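A.B. asks: Quick one, structure for this:
(chains A and B)
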Amino acid sequence: DPKIIQKPKYLVAVTGSEKILICEQYLGHNAMYWYRQSAKKPLEFMFSYSYQKLMDNQTASSRFQPQSSKKNHLDLQITALKPDDSATYFCASSQEGGGRSQNTLYFGAGTRLSVL
Amino acid sequence: GDSVTQTEGLVTLTEGLPVMLNCTYQTAYSTFLFWYVQHLNEAPKLLLKSSTDNKRTEHQGFHATLHKSSSSFHLQKSSAQLSDSALYYCALTSPNTGYQNFYFGKGTSLTVIP
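C.D. replies: Next up is the predicted model:
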C-alpha cells in the first residue's frame, strides 16, 4: 500500500484557474516536501516543512502556496495557472533520527498537471 | 552551501557492460549520501544510502562506496541490464543541522541497449 498518497494522479487545468494538489503521508514523518519535475528536466525542490512549519522555499512565485492543515498533510495550492506550470509534482516526506529508514526521503507517486 | 554534482546528461551502454555513474558532493557537515532511481513515469525510489566512510553499500546489483576524503559516492554495477534504463539521482542530506533538507544532482539518464 502506498504510504504517501497524492491526489489526483492526473489533473488538467485551463490557464488562469486555480488547483489544489493533495498530499497525505502515513509514515509518521515530521518533514514533508514538494518537488516539481517538468518534462525532460531534473527534479526541482520547491518547499520543505517540518512539524507543519515552512523551513525552506525555493519557489520564486507566490502563486504556489503550500498548506498544512495536519501534521501528515501538505497540500499545494497553485493559482493563476500558466502552461509553464505543466509538470509532475511530487510530494515527499522524511524523518530525522537514528533508525535505518530515517534520514531518507520517500516520494509519493506524483500528480501530473497539464495546463492548457 | 551543500551541493551534489553528478555525471550529467545521457549515458548509453550496451547490455552486459559495467555501469559507473559519478557523484561528488560538497558539505560542511556529516552527511548521508543517496542514489535514487526513477523509471519512466514513476516516482524516484531509493536505491542506495550510506553515511559510513569507506563502506561498500549494495542493493539490486548496484553498489557504491562513500569516500569522504574525495567527497565521492559513485554508483557502479558490474553488468548493465536493459531494465537498468532509468534516470539516476545522487543526493545528500545533512541531519542535525536545524532542519533536514535534501540536495539532488541534476540526474543522469542511463539507457542500456541490446
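
A.B. asks: switch to C-alpha atoms for all contacts and neighbour counts from now on
C.D. replies: OK.

A.B. asks: need the helix or strand of chain A with the lowest average pLDDT.
C.D. replies: Ranking every helix and strand in chain A by mean pLDDT, DSSP states H and E puts strand A:53-57 at the bottom, with a mean of 89.

A.B. asks: now for it, which elements pack on it?
C.D. replies: Using 3 or more Cα pairs under 8 Å, 6 or more residues apart in numbering or on different chains; DSSP states H and E as the contact test, the elements touching strand A:53-57 are strand A:44-50.

A.B. asks: strand partners of the strand it packs on, parallel vs antiparallel please.
C.D. replies: strand A:31-37 (antiparallel), strand A:53-57 (antiparallel) (DSSP bridges).

A.B. asks: Quick one: distance of it to the chain centre.
C.D. replies: Using Cα atoms, centre = their mean, to the nearest Å, the mean C-alpha position of strand A:44-50 is found 8 Å from that of the whole chain.

A.B. asks: who touches that strand?
C.D. replies: A:30-37, A:54-59, A:66, B:99, B:101 (Cα atoms under 8 Å, 6 or more residues apart in numbering or on different chains).

A.B. asks: Over to stretch B:8-22?
C.D. replies: Taking Cα under 8 Å, 6+ apart as the rule, stretch B:8-22 contacts B:6-7, B:72-82, B:106-114.

A.B. asks: cool, stretch B:45-58 as well?
C.D. replies: Here stretch B:45-58 makes contact (Cα under 8 Å, 6+ apart) with A:105-107, B:30-38, B:59-60, B:63-68.

A.B. asks: same check, this time on stretch A:86-98
C.D. replies: Residues from elsewhere that reach stretch A:86-98 (Cα under 8 Å, 6+ apart): A:4, A:6, A:23, A:25, A:28-39, A:74, A:102-115, B:43, B:95-96, B:100.

A.B. asks: Can I get it as PDB, trimmed to CA atoms?
C.D. replies: Once non-C-alpha atoms are left out, stretch A:86-98 reads as follows in PDB (Å, rounded to 0.1, in the frame of the first residue of the first chain):
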ATOM      1  CA  SER A  86       2.700  21.800 -16.500                       C
ATOM      2  CA  ALA A  87       4.800  19.300 -14.700                       C
ATOM      3  CA  THR A  88       4.700  16.300 -12.400                       C
ATOM      4  CA  TYR A  89       4.500  17.400  -8.800                       C
ATOM      5  CA  PHE A  90       6.000  15.000  -6.200                       C
ATOM      6  CA  CYS A  91       5.300  15.100  -2.500                       C
ATOM      7  CA  ALA A  92       7.800  13.600  -0.300                       C
ATOM      8  CA  SER A  93       8.500  13.000   3.400                       C
ATOM      9  CA  SER A  94      11.300  12.200   5.800                       C
ATOM     10  CA  GLN A  95      12.100  11.700   9.400                       C
ATOM     11  CA  GLU A  96      15.300  12.700  11.200                       C
ATOM     12  CA  GLY A  97      16.700  10.100  13.600                       C
ATOM     13  CA  GLY A  98      19.000   7.200  14.000                       C
END
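
A.B. asks: need the helices for chain B, in chain order.
C.D. replies: Using DSSP state H, no helices are found in chain B.

A.B. asks: Weed out the non-buried ones from the contacts of stretch B:8-22.
C.D. replies: Listed as buried from the contacts of stretch B:8-22 are B:6-7, B:72-77, B:80-81, B:106-112; burial here means 16 or more other Cα atoms under 10 Å in any protein chain shown.

A.B. asks: Among the residues you listed, which are located in strands?
C.D. replies: B:6, B:75-77, B:108-112 (DSSP state E).
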